[in-house]
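K.L.:
Could you look at this predicted model? Sequence included:
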Amino acid sequence: MNHMHLTQAPTRGALLKGHRAALHCGERALNWTQFAQRIASLAGVLQDFGVVAGTPVAMMADAGLEYFDYHYAVPWAGGVMVPLNTRLSDAELLFILDHAAVEILICSSEYADRLATLRAGAPGLRVVIGIGIATLEHDYDRLLAARAPVPDARRAGEDLLAIIYTGGTTGQPKGVATSHANMVANTLAAIPNMEFGEDMVYLHSTPVFHTAGIARIYGTVTAMGHGIILPRFDAGAVLDAVARHRVTHLLLVPTMINRLLNHPAFEETDFSSVTNIAYGASIMPDALLRRALAWLPKVRFTQSYGMTELSPSAAYLLPKYHVLDGPNAGRIKSIGQPIHTAEIRIADEDDAEVPRGAVGEIQVRGPMVMQGYWKNPELTAQTLRGGWMHTGDAAYMDAEGFIFLVDRLKDMIISGGENVYSGEVENALHEHVGVRECAVIGLPHEDLGEVVHAIVVAHEGVTLSAEELVAHCRRLIAGYKCPRSIELRREALPLSGTNKILKRQLRDEALAAR
């Protein structure tokens, strides 16, 4: 059976673009020929250490040239990627190493201090390859320089590409089994919808251990764009890179956009090269999006909706709908329409499709849907029952197929029998000019079941009161939806490894404070 191979992309880049710039990270740069050679040589190193079809290989590092090598060399060698979220605790990482039966780990010097614990607690870990770690026997650069390239194992179709561990909101992380076919489907949908092309300069600033960052690696390399890599998100570094490298494309989550717009250097930064900013991963507050459109009027915005289990995208809101007036207005609050390859329906708890305009769960089927949860057949069967991926997202769909997200079902607050969607309350709070960041959670209440609690960070130099914010919300949303309690903070809200606000941590802190 003939399939498209993800690993064709760097080979094609070397053929067509050879000595033109492929990747840039700090002071280091690679052309397409060098990039392709490194991939084939690292694959040889991995095969020397026993990687065969299906062998799991983990990586613990910040974004860098080596992470791009890894995303192509592991499948080139025949292996399966297990990218590690560096923000997880040692206990969570040990669970992943054991659960995925990882034998080989590539680790960078930033995380060398965690290796002793991981090696002691993961007896199946045979080999650790160090990036810049002098105390390790196996050095990444030396091994790469000494190894001749090997032929591509040509993994494709339903072959397993990666086990990507995603937030276990309850208990341990879940391993999402992602196939080559899943990622090929996503890559081919992303290129036109995100307006990728070989003349682009793409800024990689989202974590490359997360599915959105992984998908952008495959999308930008397949489109043969020039990639600029930041080790991790930092608003000042993003602004500097945009101006310095004449960046054309970025992917950001709403929290990142908020922090860029609030950075002191934002107004002085030259954004004239930027043509497209994609965003997704959490609900975009209306006020924040309107502010971004006003500040960056020449930038085309694209919203991507999805999750790790969807490799990761199933719907896009295209730039033409990011307008406040004209025939396309009114869609800006939507997360978009299904992509060519995705079927999406809104269903009730009995999996019956609901009428247009009614709120239910987003369910998806198509080639982007994961194979299942690694070693968890019960959860797989429950999540993929009836052939549909049950996303856990509450939304409604209009007559033209535009989907309007209202909340994560698990973040929905049921207060006095009424459904309160935290995203709607956060939207109202963001309309207040003094609010910089906010999160809304439900806290237990003996009479109402749950009550709405908000955690709010004010802009620098602004003083807010809980009474003022509640009065503001009452003008915009029903009284039962307004916060019953508000905690005002000065420091930024805690973020996950994917730069989403950590509501679980905020909930735990609020309960402890009680």
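P.N.:
That came in fine, so what should we check first? Since we're looking at a predicted model, the values are computed, not measured.
K.L.:
For the residue lying farthest from the centre of the chain, give me the pLDDT.
P.N.:
Distance from the centre of the chain peaks at residue 447, with 37.9 Å (C-alpha atoms, centre = their mean). Reported pLDDT at residue 447 in the predicted model: 74.
K.L.:
In three-state terms, how would it be classified?
P.N.:
What DSSP: H, G, I helix; E, B strand; the rest coil gives for residue 447 is coil.
K.L.:
so who does the closest residue in space to it that isn't next to it in sequence touch?
P.N.:
Take residue 447 and drop its neighbours on the chain: the residue closest to it by C-beta to C-beta, 6 or more residues apart in numbering is residue 416, 7.9 Å away. No exception for glycine: its C-beta is placed from N, CA and C like everyone else's. For residue 416, the contact set (C-beta atoms under 8 Å, 6 or more residues apart in numbering) comprises 447-449, 480.
K.L.:
Neighbours of residue 349, how many?
P.N.:
8 (other C-beta atoms under 10 Å).
K.L.:
Actually, residue 478.
P.N.:
By other C-beta under 10 Å, the burial measure for residue 478, its neighbour count, is 11.
K.L.:
What of residue 27?
P.N.:
5.
K.L.:
Can you show me the helices along the stretch 251-400 of the chain?
P.N.:
254-261, 286-295, 377-383 (DSSP state H, counting those that start in this stretch).
K.L.:
now, of these, which is deepest in the fold?
P.N.:
Highest mean neighbour count of the helices of the stretch 251-400 of the chain: helix 254-261, a mean of 22 (counted as mean count of other C-beta atoms under 10 Å).
K.L.:
how much does it deviate in direction from helix 286-295?
P.N.:
40 degrees (axes from the mean of the first three to the mean of the last three C-alpha atoms, to 10 degrees).
K.L.:
Tell me the helices and strands packed up against helix 254-261.
P.N.:
Under the contact definition 3 or more C-beta pairs under 8 Å, 6 or more residues apart in numbering; DSSP states H and E, helix 254-261 sits against helix 235-245, strand 276-280, helix 286-295, strand 435-445.
K.L.:
For the second one, the averaged confidence score.
P.N.:
Read that as strand 276-280. Computed over strand 276-280, the mean pLDDT rounds to 94.
K.L.:
Check stretch 468-478 too.
P.N.:
89.
K.L.:
Figure out how far that stretch is from the centre of its chain.
P.N.:
32 Å (C-alpha atoms, centre = their mean, to the nearest Å).
K.L.:
can you check stretch 143-155 too?
P.N.:
29 Å.
K.L.:
Now it: buried residues?
P.N.:
Neighbour-count burial for stretch 143-155 flags 143-144, 147, 150, 152-153, 155 (criterion: 16 or more other C-beta atoms under 10 Å).
K.L.:
And for it, what's in contact with it?
P.N.:
So stretch 143-155 is in contact with 5, 7, 11, 37-38, 40-45, 47-48, 53, 69, 75-78, 129, 161, 180, going by C-beta under 8 Å, 6+ apart.
K.L.:
What about the residues you listed, which are in helices?
P.N.:
11, 37-38, 40-45, 47-48, 69, 75-77, 180 (DSSP state H).
K.L.:
Of those, just say which sits nearest to residue 335.
P.N.:
Taking C-beta to C-beta as the measure, residue 335 lies nearest residue 180 of those, at 26.6 Å.
K.L.:
mean confidence for the one helix or strand residue 16 maps to?
P.N.:
Assigning secondary structure by DSSP states H and E places residue 16 in helix 8-17. Helix 8-17 carries an average pLDDT of 98.
K.L.:
C-terminal to it, what's the next element?
P.N.:
Later in the chain than helix 8-17, the nearest helix or strand by DSSP H and E is strand 21-25.
K.L.:
helices or strands next to that following strand in the packing?
P.N.:
strand 28-31, helix 32-48, helix 65-77, strand 226-229.
K.L.:
Deepest-packed of those, please.
P.N.:
helix 65-77 (a mean of 26).
K.L.:
elements contacting it?
P.N.:
strand 21-25, helix 32-48, strand 56-60, strand 80-83, strand 104-108, helix 211-222, strand 226-229.
K.L.:
which strands and helices sit next to the fourth one?
P.N.:
In other words, strand 80-83. strand 56-60, helix 65-77, strand 160-166.
K.L.:
chain center to the longest one, what's the gap?
P.N.:
The reference is to helix 65-77. 19 Å.
K.L.:
now the angle from it to strand 56-60?
P.N.:
180 degrees.
K.L.:
With only the CA atoms kept, save helix 65-77 in CSV.
P.N.:
The C-alpha trace of helix 65-77 is given here as CSV (Å, rounded to 0.1, in the frame of the first residue of the first chain):
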residue,chain,number,x,y,z
LEU,A,65,17.6,21.8,16.7
GLU,A,66,17.9,18.4,18.5
TYR,A,67,14.1,18.2,19.0
PHE,A,68,13.6,18.7,15.3
ASP,A,69,16.1,15.9,14.6
TYR,A,70,14.2,13.7,17.1
HIS,A,71,10.8,14.2,15.5
TYR,A,72,12.1,12.8,12.2
ALA,A,73,14.9,10.5,13.2
VAL,A,74,12.8,8.3,15.5
PRO,A,75,10.3,7.3,12.8
TRP,A,76,13.2,7.2,10.3
ALA,A,77,14.8,4.6,12.6
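K.L.:
Just the mean pLDDT for it, thanks.
P.N.:
98.
K.L.:
same deal with stretch 319-336?
P.N.:
Mean predicted lDDT for stretch 319-336 stands at 92.
K.L.:
Same question for stretch 211-230.
P.N.:
Mean predicted lDDT for stretch 211-230 stands at 97.
K.L.:
Compile the helices and strands packed on strand 80-83 into JSON lines and extend it with columns for distance to residue 398.
P.N.:
Shown next, in JSON lines, are the helices and strands packed on strand 80-83 (distance: least, C-beta to C-beta, whole Å):
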{"stretch": "strand 56-60", "distance to residue 398": "42"}
{"stretch": "helix 65-77", "distance to residue 398": "37"}
{"stretch": "strand 160-166", "distance to residue 398": "29"}
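K.L.:
tell me the contacts of the residue most central in space within the chain?
P.N.:
The chain has residue 212 as the residue nearest its centroid, 3.7 Å off, counting by C-alpha atoms, centre = their mean. By C-beta under 8 Å, 6+ apart, residue 212 lies in contact with 206, 251, 280-281, 304, 312, 498.
K.L.:
Quick one: those residues as CSV, columns for neighbour count and distance to residue 296 too.
P.N.:
Formatted as CSV, the contacts of residue 212 follow (neighbours: other C-beta atoms under 10 Å; distance: C-beta to C-beta, whole Å):
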residue, neighbour count, distance to residue 296
206, 28, 18
251, 26, 15
280, 25, 17
281, 24, 19
304, 26, 18
312, 29, 24
498, 22, 23
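K.L.:
low pLDDT regions in the stretch 251-400 of the chain?
P.N.:
Within the stretch 251-400 of the chain, no range satisfies pLDDT under 70.
K.L.:
Which stretches in it count as strands?
P.N.:
276-280, 300-306, 313-317, 337-338, 343-347, 360-365, 372-373, 389-397 (DSSP state E, counting those that start in this stretch).
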